[in-house]
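Chemist: sequence and predicted structure below; questions after.
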Amino acid sequence: QVQLVESGGGVVQAGGSLRLSCAASGRTFSSYVMGWFRQAPGKEREFVGGINWSGETTRYADSVKERFTMTRDNAKNMVYLQMDSLKPDDTAVYYCAARTYWSRNFDPSTFDFWGQGTQVTVSS
């Protein structure tokens, strides 16, 4: 089992950048595939990015490709989401999540463990 805590959210102007962090507990962090998701008011939770156990393979939603970058540091039990060229449509609560297997299916229901979320607000 793994516990996840996100941080780094805030208010930023359009075109700006933020880096979100997700701290994981437990000694087996490197055995988890990690994902970032977001949920805007009145909308369903949606996939943002995923990273495999080693960090060598990533996958992104089309809406954030070329703007967001996901990395991980297994020595520190951390996963990050660097968000550049932010847009007002990126405003949402951002969650990190974990599961044990790699798949092209990044539906939120496939992830077993979730953090509490961090708010990101992009002003125009």
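Modeler: Structure's in. What do you need? Numbers count the residues shown, from 1 in each chain.

Chemist: from E6, how far off is the residue nearest the centre of the chain?
Modeler: Most central in the chain under C-alpha atoms, centre = their mean is W36, positioned 2.2 Å from the mean C-alpha point. Applying C-beta to C-beta, to the nearest Å, the value for W36 to E6 is 9 Å. Where you see a C-beta, it was placed from the backbone N, CA and C, and this is true even at glycine.

Chemist: quickly list what's touching both of these two.
Modeler: Counting by C-beta atoms under 8 Å, 6 or more residues apart in numbering, the common neighbours of W36 and E6 are L20, C22, Y94, Y95, C96.

Chemist: next, count neighbours for the third one.
Modeler: It stands for Y94. Using other C-beta atoms under 10 Å, the number of residues around Y94 comes to 23.

Chemist: for it, give its distance to A75.
Modeler: Separation of Y94 from A75 (C-beta to C-beta): 23 Å.

Chemist: and K65, by the same measure?
Modeler: Taking C-beta to C-beta, one finds K65 at 28 Å from A75.

Chemist: kindly report the same for V2.
Modeler: In terms of C-beta to C-beta, V2 sits 16 Å off from A75.

Chemist: what values do phi and psi take at S30?
Modeler: phi -70, psi -10 (degrees, to the nearest 10).

Chemist: for it, which residues are in contact?
Modeler: Here S30 is in contact with W53, S54, N74 (C-beta under 8 Å, 6+ apart).

Chemist: need the buried ones from those selected in PyMOL.
Modeler: Command for PyMOL, covering only those of the contacts of S30 found buried under the criterion 16 or more other C-beta atoms under 10 Å:
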select buried, resi 53
